[in-house]
Structures are given as structure tokens and as C-alpha cells.
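1. Predicted model follows, preceded by the sequence.
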Number of protein chains: 2
Amino acid sequence: MDDDITYMRMALEEAKTAMARDEVPIGAVLVHCETGEIVSKNGNRTRELYDPSAHAEILVIREGCAHDEAQRIPDYDLYVTLEPCAMCAGAISFARIRRLVIGAQDPKGGGILHGGQFFEQKTCHHRPVVISGVLEEACGQILKDFFKAKRKTL
Amino acid sequence: MDDDITYMRMALEEAKTAMARDEVPIGAVLVHCETGEIVSKNGNRTRELYDPSAHAEILVIREGCAHDEAQRIPDYDLYVTLEPCAMCAGAISFARIRRLVIGAQDPKGGGILHGGQFFEQKTCHHRPVVISGVLEEACGQILKDFFKAKRKTL
């Protein structure tokens, strides 16, 4: 659990960096489950890259897979500040991520605990261990602050 | 409908090219709804790129968005030989694709007509027009042939 908090703090730092880039402040960290090596960390970059798939989770999975030269990376754990969407849930499953640690839940757009709950479907062929609620308040607050500021500028 | 068949034939050609690369034979074509310009066409490249997100649909959406320098491309229609999975359903929605034309259905891994049926969820904030069954038999047969040949080599 101490490790979970440590890695989630790093993911939260990535979320803050994303906010500074005017991206939705969500961060992710990909960690080797045995060595603790951080193979990738990133925040959302959909604006910067003109890429709607450039969520933090997809970016770290892509970097982790490239690092291992593999489509499947079952020895990695993924830390993400917000509950992944359906798109990222699919990518997490395809990559065979071992353990998914979530900060805040996302009732409006989440695809793990909400919506289609991808990991509960028969069409899902790998379900990671899922932990939710690590640094939940801080991970949710940064998003609230971001959207509150956005609304003010409208 | 004639146009749908024309574009699906192109997607099927991409699936065939994918098979020649030993990738799962699924192809996609992204077409501007007014000009008919094909801004991108591709097949699966998950093996080649060591990227579990490199489904045909994601590749053409990323290329189309890069082409338009936009996260959202509401003037494009997507043709794909197999029903998209949950991951691609999410990307299609985020990209605001206008119309999704599907070849064969995918009961085992589809995320539009099967599984979490993402477009039917409250967590889905854009649903394209969906057409299914264009060149259905040919689009399904190439996958059957691919996996039959794979099983023989096991």
C-alpha cells in the first residue's frame, strides 16, 4: 500500500504537468511488478498531439510495450489518477497489465467501474487486479480545479 | 450504398495486406463525408509496432486527426471490416466520427453490438450513425481463413 501511494503520487505529478500544458490533468505511471522500475510515466496529450487516443494510460502502455518489444506486458502494474475510459480499459486488457491502481472514480466517463464495465464483459479476455481509491481526493480535486477554471474562462 | 461497398472493398484490401504481414486481417478506411477524400487507410499493426493499441481503426483515426490537426474529426466516416472492440469504440466516439460502417460482426470481441455496447452507455458522449453488414461474408471469411491457418501451424 505504501508503494501504491508512492507511485500514485508520481502519477499525480504527471497530472499536474499535463494541466500546465492545458491538457486534462490525468497522469499514469507504468511500473515493473518485480523490479519496481518505472518504464514510463506520462499525462494526457490529446491536444498537443492532435490524437484523441493520447490518454495517459495509452501513452504509457505504448511506451512500455515498445520498451519490451512486446504487445503484451503482463509483468507491469499501471497507476492512473482517474478511472480509465472504455478505450483505455480495452488497451489495458490487450496489454495484459497485471494490476490496475486507480485514484478517483469517473462516473461520467469511466469504463471500469461505470458505463460498459469492460472487465466484466465476456468480450474481455484479460482482467487485471483492480484497486481503486488511492489518493482519491487529490486525484479528483485536480480535475475539479481544472474544469472550474475552464468554465470561468468561457 | 454503392459508395459503402466501394470503401469497404478498400478496407478489405487493407485487411489482406495486414494478413500478408502476419497481422490479424482487419482493415479500415477513413473518408471525408463531403469530398470523398480518403485521408487514411490501414490494417492492424500490433505485432509490427509492438503496440496493442495499433488496431486499424486507431491507426486511421490518429492519421486523420494529425492530417486535420484536430482531436475531433466530425466530417469523417470510418469503414472497418470487423466490428470495433471497446478500445476502438472509445476512440471513434472521442474523435466524433460521423458514420461508422462495419463489415462483419464480432460476437467474441466487439464493443459496439456486443459486450459493453459502448455507444449505448451514458458514459458515451458521441454516438456515430452505425451501419453493419457491408461485405459481411468476405470481411468475416478472411478472419476465419487466417485463424484456421494459425491453428494448423500450432
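-> That came in fine, so what should we check first?
2. so what's the residue in chain A that chain B sits nearest to closest to, chain neighbours aside?
-> Taking CB to the nearest CB as the measure, the point where chain A comes nearest chain B is residue A:116, at 2.2 Å. Where C-beta positions appear, they are placed from N, C-alpha and C, glycine not excepted. Taking CB to CB, 6 or more residues apart in numbering or on different chains, and ignoring the residues beside it in sequence, residue A:116 has residue B:116 as its nearest neighbour in space, at 2.2 Å.
3. my guess is the one you found meets residue A:121, correct?
-> Yes. Using CB atoms under 8 Å, residue B:116 is in contact with residue A:121, at 5.2 Å.
4. Okay, strands next: where are they in chain A?
-> In order along the chain, chain A carries the following strands (DSSP state E): A:27-32, A:38-43, A:76-82, A:99-104, A:129-132.
5. Strand partners (parallel or antiparallel) of the first one?
-> Based on DSSP bridges, the pairing partners of strand A:27-32 within the sheet are strand A:38-43 (antiparallel), strand A:76-82 (antiparallel).
6. Flag the shaky bits of chain A, pLDDT-wise.
-> A:1, A:154 (pLDDT under 70).
7. still on that earlier bit, intersection of neighbour lists for residue B:116 and residue A:121?
-> residue B:86 (CB atoms under 8 Å, 6 or more residues apart in numbering or on different chains).
8. More neighbours: the two, which one.
-> More crowded of residue B:116 and residue A:121, by other CB atoms under 10 Å in any protein chain shown: residue B:116, with 29 against 19.
9. Next up, the contacts around the more buried one.
-> Shown in contact with residue B:116 (CB under 8 Å, 6+ apart): A:86, A:111, A:115, A:116, A:117, A:118, A:121, A:123, B:86.
10. Any idea how many residues pack against the residue nearest to residue A:90 when sequence neighbours are not counted?
-> The spatial neighbour of residue A:90 that comes closest, neighbours along the chain excluded (CB to CB, 6+ apart), is residue B:87 at 2.7 Å. Residues near residue B:87, counting by other CB under 10 Å, number 30.
11. Could you report the distance from residue B:87 to residue B:26?
-> With distances taken as CB to CB, to the nearest Å, residue B:87 is found 13 Å from residue B:26.
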